[in-house]
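*Asks:* below are the sequence and a predicted model for it; my questions follow.
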Amino acid sequence: MLSNLPTEIIYQISEFLGDNDLNSLLRTCFQFTDLLTSELYGRGLNFETIQHTGAKDQARTPMLIAKPSQRLTQCAPSWKLGFIINYLLGKDEALFSWYNPNGTLVHGDLSLLAVILLARNAVIMEALLSHGFHDRNGFGDSDMRPLIFAISRNFEEGVQLLLDAGADVLPAHHSDGWNALFFVRDATSVTIAQKGFQAIRDAHGDPFAPAYSGITPLHIAALCSNLPVAQLFISLGANVWAEMHNRDIPLSLALSLGNLDICEILLREMKSLNPRPGAKGGYFLLHCAVYRSLGLEIFQKLVDAQADIFARDEEQMTPLDLVEKKWVKWRPRGQYRSEVIKVMLSADPYIWPAEHINRQLWELMREGDIGHHEVKAMNLIVRTGKSAVDIEPNDCPRGNTPLHILCEAASSEGPESTVHNMIVLLLDNGAKPNALNQPGFPPSLSRSIGSETE
């Protein structure tokens, strides 16, 4: 019997046992004194006690580190209450480290409760909470409360135990303002998200309150492609138009990452809100779609949701400017390119009143086949902010007015083409056919200076 062996022999045996055998040994030797049991764990788990040197950490000693065998990682999930709790109760001021199976450090400076959460050991966790361990030590340098850690690990049973123990679900005053819902990252965490939502409401907090950067739990769900949780948040009243300080809304984040399922549900909700064109939140949605060359259906849904076709990004470019910029890159996808432009042109050109010459040009483009020159001319009109017929050569790069740009393509287009119809409309409304660009050519001769569109 092991109990008849000298204690030093038992200690040495414990250092070489696997995790299951070590737990069996401890159960067998439970008749030994508490001191022996504690020593068995200290030796068997290969803990080393070290003294912190930094003034910040001196109050949190000793620190226990699992040595290379990572016995703590291996054993903690299968610990049973009877033969471990007394040992653990004596370690409530210690800090621990947690390793991956391959031996790499995952977390350092963890409280005992954090270790049990990582091990997903609900039995030991419940016992620790009953002894007042909740939030006593915090989570070391990461400053994450046990509840947030349990949520981020998708440990539903642990979340419920912590909520029952009165865990804080609201952000600490010194934190970045993230409540418990910010840490729901897994698509299977819907039940946890519901529990967290209700707990925050019960604590008289706003579950979807923005953090200091303006980010909300719905932004996080969009970033994580967490469709079930995003649907839950929307159904519970999350604001789909909530803006971060950099003006990102959940949809713009989902678009920038290509999370199309999230885009779909957000667009559906945004359509039901029916914002006015250019409303808050709609700034860079079409820009994101152009940058990522997303599907036509997404472009159409954005336009239907009244994303702003005239919004300007940080470089003062509109979505149509970006299309012009990507013209050569999209050349092998000519059909896609023209269909994207058609979808954009289906948007309401709200910056011009009815019967305005610029709106009429927009309508002509909407009805016919579109080439690079038509897009380039329209972008120039939008950038100048003037009527197309009032734009002077000194308003334009190299002095090329919209009429110059369109005439460059006129020789290769038929008489019923969009280019010819736009030229006729401009001339009928007083555009100057003899205005000279910087090389000194009128519109009718501008094609002789060579095309700048490729």
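*Replies:* Structure received. Residues are numbered from 1 along each chain as shown.
*Asks:* got a list of what Met378 touches?
*Replies:* The contact partners of Met378, by Cβ atoms under 8 Å, 6 or more residues apart in numbering, come to 320, 361-362, 365, 402. Just so you know, the C-beta spots here come from the backbone N, C-alpha and C atoms, and that holds for glycine as well.
*Asks:* among those, which ones are buried?
*Replies:* With burial judged by 16 or more other Cβ atoms under 10 Å, the buried subset of those is 320, 361-362, 365, 402.
*Asks:* from those residues, which ones fall inside helices?
*Replies:* Using DSSP state H, the members of the buried ones among the contacts of Met378 that fall within helices are 320, 361-362, 365, 402.
*Asks:* can you redo the residues you listed as TSV with pLDDT?
*Replies:* Converted to TSV, those look like this (pLDDT from 0 to 100):
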residue	pLDDT
Leu320	92
Leu361	95
Trp362	96
Met365	93
Pro402	93
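*Asks:* against Ile200, how distant is Ser252?
*Replies:* Distance, Ser252 to Ile200, by Cβ to Cβ, to the nearest Å: 26 Å.
*Asks:* what's the pLDDT at Gly140?
*Replies:* Predicted confidence (pLDDT) at Gly140: the value is 41.
*Asks:* next one: Leu236
*Replies:* pLDDT, read off for Leu236, is 95.
*Asks:* go on, Asn246?
*Replies:* You'll see Asn246 listed with a pLDDT of 80.
*Asks:* count of neighbours near it?
*Replies:* Counted with other Cβ atoms under 10 Å, the neighbours of Asn246 add up to 11.
*Asks:* in three-state terms, how would it be classified?
*Replies:* coil (DSSP: H, G, I helix; E, B strand; the rest coil).
*Asks:* now it: how far from Ser252?
*Replies:* Going from Asn246 to Ser252 by Cβ to Cβ gives 10 Å.
*Asks:* now swap in His404 and tell me
*Replies:* From His404 to Ser252 the distance is 36 Å (Cβ to Cβ).
*Asks:* in stretch 311-329, what counts as buried?
*Replies:* Across stretch 311-329, burial judged by 16+ other Cβ under 10 Å covers 311-313, 317-324, 326-327.
*Asks:* single out whichever of these has the smallest pLDDT.
*Replies:* Within those, lowest confidence goes to Asp313 (80).
*Asks:* quickly find the element holding the spatially closest residue to that residue that is not a sequence neighbour.
*Replies:* Closest residue to Asp313 apart from its sequence neighbours, by Cβ to Cβ, 6 or more residues apart in numbering: His287 at 5.1 Å. In this structure, His287 is located in helix 285-291 according to DSSP states H and E.
*Asks:* where does the prediction get shaky in the stretch 101-250 of the chain?
*Replies:* Low-confidence segments of the stretch 101-250 of the chain, defined by pLDDT under 70: 101-103, 108-109, 133-145, 172-175.
*Asks:* if you set the cut-off to 80 instead, what comes out?
*Replies:* Applying pLDDT under 80 to the stretch 101-250 of the chain flags residues 101-115, 131-146, 148-149, 166-168, 170-176, 247.
*Asks:* now the strands for it?
*Replies:* With DSSP state E, counting those that start in this stretch as the criterion, the stretch 101-250 of the chain has strands at 105-110.
*Asks:* if we can go back for a sec, of the buried ones among the contacts of Met378, just say which sits nearest to Lys342.
*Replies:* Met365 (8.9 Å; Cβ to Cβ).
*Asks:* domains in the protein, by residue range?
*Replies:* As assigned by automatic domain parsing, the chain contains the domains 1-168, 169-242, 274-348, 349-454.
*Asks:* now do the buried residues in stretch 171-186.
*Replies:* Residues 171, 177-186 are the ones in stretch 171-186 that count as buried (16+ other Cβ under 10 Å).
*Asks:* residues in contact with that stretch?
*Replies:* Stretch 171-186 is contacted from outside by 143, 145, 147-148, 151-152, 154, 169-170, 192-193, 196-197, 199-200, 205, 207-213, 215, 217, 220-221, 224, 226, 229, 233, using Cβ under 8 Å, 6+ apart.
*Asks:* how far off centre is it?
*Replies:* Relative to its chain's centre, stretch 171-186 lies at 15 Å (Cα atoms, centre = their mean, to the nearest Å).
*Asks:* do stretch 360-378 as well
*Replies:* Going by Cα atoms, centre = their mean, where stretch 360-378 is centred and where its chain is centred differ by 36 Å.
*Asks:* which parts of it are buried?
*Replies:* For stretch 360-378, by 16+ other Cβ under 10 Å, it's 360-362, 364-366, 368, 370-378.
*Asks:* closest one to Leu266 out of the residues you listed, please.
*Replies:* Of all those, Leu266 sits closest to Arg366, with 26.8 Å by Cβ to Cβ.
*Asks:* which parts of the stretch 101-250 of the chain are helices?
*Replies:* Shown for the stretch 101-250 of the chain, the helices assigned by DSSP state H, counting those that start in this stretch span residues 112-119, 122-130, 146-152, 156-164, 190-202, 217-223, 227-235, 250-257.
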